[in-house]
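S.K.: task: produce atomic coordinates for the following.
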Amino acid sequence: PYLEDILKPTYGVIIYQEQVMQIAQKLSGFTAGQADILRKAIGKKKRTEQEKQKEKFIEGAVKNGINKEVAASIFLKIQPFAEYGFNKSHSAAYALIAYQTAYLKTHYPVQFMSSLLTCEMGNTDKVVKYLNECSEMGIQILPPNLNASDLNFRASNGEIVFGLAAIKNVGEAAIQSIMGIRNKLRSFSSIFEFCENVDLRVVNKRVLESLIKAGVFDSIHKSRRSLMSVLESALERGQKANRDRLSGQKGLFGEQPPGDKTDQIPFIGDWSDQEQWGYEKECLGFYVSGHPLQKYKQEFRKLQLTKIDQLGELVVGRKTSLGGMVTSIRKIQTRKGATMATFYLEDLTGSIEVVVFPKAYESCNELLIDSDHPIFVRGHCEVDGREVTRVIASQVLKLDSIWKEGFQKLLLTIPLPLIDTDSLKNLQELIKTYSGNCPIEFEIFKKSTFRIRLIPNQTIGIASVPAFIEGYERLFGENSVTLYTKEKY
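M.R.: As a prediction, the model looks like this:
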């Protein structure tokens, strides 16, 4: 009854910060100033101050004739709401913006996502996150293109054209120069023509190297390695053309005669995938034409690994398992002389800082040096004083060694329409062939209708996990096996 007037407009749920303050005033006799101190302590997650305020809240409520246990339970209800609550005017503004953005994302998804990518071009992690979201939404991202890309990301015919401003070491002045000449020429046909016409004072060698490495010239020549081999001669031609224009010896857009042999680029082969992806990462902060972890995507899913873009405050303190590549490792000597390390772990969705304390580091120091192979990290999340999420690792292993370590269990899903006498007989034979110690569970499901988990009464287990999975997925479809790794904390 004490809270009815305060919570009636929100159907009994504490939503606004004003409600927290009103509850403190009515139940515990807080002044407006004291109630605001309580709001700040909870909203800014100051645990020590929260405990002090909790004592005052309960003490004041008891003086007003409220049972101590009831007062304590009310305070416990206030805490989680207040931590993520806003004042009423702020909430109304956010609700309107949320409605508007949800409408635009639903009805104009391509335009919405291209604008979002443009807004976050300076934040690599967010660009990666939104590029992945575009993929999940079925929106194709066209790679950087000399004759199609603009300064920013742009929606075009249901697709998004990559923005040149996302490329490092290029700069807006160089892009504007390129676009200005392109508008007059309509398009570029070769790197020689490009260098002869753009302003090489802003579109310099460093800019050109970044454009080639990022794949901007792919639309006019597929071999980035071959383009890089003629870059010096193209720049020389461009500089001569610039000097000729300044001396009045040529027209503004003087070109070599059609079919001039000096425009031909000898093919000297391509960079390896690893080299090409490495250059893309260098120039863009992420991969475009492929990803070293792409071939491990299904393995990550089977291992129930958490995606890095799913980590945040909501998983703070929870155990988690991740997979990815090591980048930016830094070794640290502790005061006791032991060695620990921090590094960034990158998966297909983003990157996150991982801290490996001395005890865990002893068993994985050589593994972290070999950055060419994916690793498995088990640990828990925490948020530092800068509100940055990081992972504290308890175990780091090579990804392929997980199979040797064994699994806690396997979950085998079976679509109801695929259950018949033959499939069950084949399943029985498969389990018999690969009999072992790894426990298995079954989940029978009918899409959008039901799921039933079956745990065998008797001990049924399998060995030779990869071979078993291959056979099982032939029977019941791809991705029908989920692996649960053994925890070692």
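S.K.: which stretches of the stretch 151-300 of the chain have low pLDDT?
M.R.: Where the stretch 151-300 of the chain drops to pLDDT under 70, the residues are 249-262.
S.K.: show me where it has strands.
M.R.: 154-156, 159-161 (DSSP state E, counting those that start in this stretch).
S.K.: which secondary structure state does N147 sit in?
M.R.: coil (DSSP: H, G, I helix; E, B strand; the rest coil).
S.K.: what's the pLDDT at it?
M.R.: pLDDT for N147: 94.
S.K.: got phi/psi on it?
M.R.: Note on N147: its backbone torsions stand at phi -100, psi 0 [degrees, to the nearest 10].
S.K.: so what's V207 up against?
M.R.: Contacts of V207 were listed using Cβ atoms under 8 Å, 6 or more residues apart in numbering, and they are N169, V170, G171, A174. From N, CA and C alone the C-beta is placed, and that goes for glycine too.
S.K.: check those residues and tell me the two furthest apart.
M.R.: N169 and A174 (9.2 Å; Cβ to Cβ).
S.K.: more neighbours: which of the two?
M.R.: Legend: neighbour count by other Cβ atoms under 10 Å for N169 and A174, higher for A174 (24 against 15).
S.K.: show me how far whichever strand or helix holds D5 is from its chain's centre.
M.R.: Using DSSP states H and E, D5 maps to helix 4-7. Relative to the centre of its chain, helix 4-7 is centred 42 Å away, using Cα atoms, centre = their mean, to the nearest Å.
S.K.: go through stretch 157-164 and flag the buried ones.
M.R.: Using 16 or more other Cβ atoms under 10 Å as the test for burial, stretch 157-164 gives I160, V161, F162, G163, L164.
S.K.: of those, closest to S401?
M.R.: Closest to S401, out of all of the buried residues of stretch 157-164 and judged by Cβ to Cβ, is F162, at 37.4 Å.
S.K.: thinking that closest one is in contact with L146, fair?
M.R.: No - using Cβ atoms under 8 Å, F162 makes no contact with L146, being 11.2 Å away.
S.K.: got the contact list for N365?
M.R.: N365 neighbours (Cβ under 8 Å, 6+ apart): T339, A341.
S.K.: hmm, try it at 10 Å
M.R.: Counting by Cβ atoms under 10 Å, 6 or more residues apart in numbering, N365 touches K331, T339, M340, A341, V356, P358, V396.
S.K.: among those residues, which are in strands?
M.R.: With DSSP state E as the criterion, strands contain K331, T339, M340, A341, V356, V396 from among the contacts of N365.
S.K.: buried ones among the residues you listed?
M.R.: M340, A341, V356, V396.
S.K.: which residues does the second one bridge with?
M.R.: Going by DSSP bridges, A341 is paired in beta bridges with K331, V356.
S.K.: need phi/psi at V127.
M.R.: According to degrees, to the nearest 10, V127 has phi -60, psi -50.
S.K.: got a list of what it touches?
M.R.: Neighbours of V127 in contact, by Cβ under 10 Å, 6+ apart: L116, L117, T118, E120, M121, F153, G163, A166, L284, G285, F286, G350.
S.K.: go again using 6 Å as the cut-off
M.R.: E120 (Cβ atoms under 6 Å, 6 or more residues apart in numbering).
S.K.: next: V203.
M.R.: Contacts of V203 (Cβ under 6 Å, 6+ apart): A174, S177.
S.K.: how close does it sit to Q176?
M.R.: For V203, the distance to Q176 equals 10 Å [Cβ to Cβ, to the nearest Å].
S.K.: next one: I462
M.R.: Counting by Cβ to Cβ - I462 and Q176 are separated by 62 Å.
S.K.: these two - which one has more neighbours?
M.R.: I462 (23 against 14).
S.K.: tell me the pLDDT at that one?
M.R.: pLDDT, I462: 85.
S.K.: name whatever forms a beta bridge with it.
M.R.: Bridge pairing for I462 - DSSP bridges - gives S435.
S.K.: so how far does stretch 277-294 reach from one end to the other?
M.R.: By Cα to Cα, to the nearest Å, the extent of stretch 277-294 from end to end equals 12 Å.
S.K.: and if you look at stretch 36-50?
M.R.: 12 Å.
S.K.: what comes into contact with that stretch?
M.R.: In contact with stretch 36-50 (Cβ under 6 Å, 6+ apart) are residues Q17, V20, M21, A24, Q53, Q79, A82.
S.K.: quick one: the third one and G43, what's the gap?
M.R.: The spacing between M21 and G43, counted by Cβ to Cβ, is 11 Å.
S.K.: more neighbours, the two?
M.R.: Using other Cβ under 10 Å as the criterion, M21 and G43 rank with M21 on top: 21 against 16.
S.K.: which is the next helix or strand following the helix or strand encompassing T48?
M.R.: Element membership of T48 [criterion: DSSP H and E] is helix 47-63. As assigned by DSSP H and E, the chain's next helix or strand after helix 47-63 is helix 68-83.
S.K.: what packs against that following helix?
M.R.: helix 32-43, helix 47-63 (3 or more Cβ pairs under 6 Å, 6 or more residues apart in numbering; DSSP states H and E).
S.K.: for the ones you listed, give me CSV that also has mean pLDDT.
M.R.: Shown next, in CSV, are the helices and strands packed on helix 68-83 (pLDDT from 0 to 100):
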stretch, mean pLDDT
helix 32-43, 84
helix 47-63, 84
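S.K.: deepest-packed of those, please.
M.R.: Comparing the helices and strands packed on helix 68-83 by mean neighbour count (mean count of other Cβ atoms under 10 Å), helix 32-43 comes out on top with a mean of 17.
S.K.: could you dump the strands of the stretch 151-300 of the chain into a markdown table and include distance to E443?
M.R.: Shown next, in a markdown table, are the strands of the stretch 151-300 of the chain (distance: least, Cβ to Cβ, whole Å):
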| stretch | distance to E443 |
| --- | --- |
| strand 154-156 | 41 |
| strand 159-161 | 37 |
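S.K.: neighbour-wise, give me the winner out of the contacts of stretch 36-50.
M.R.: A24 (27 neighbours).
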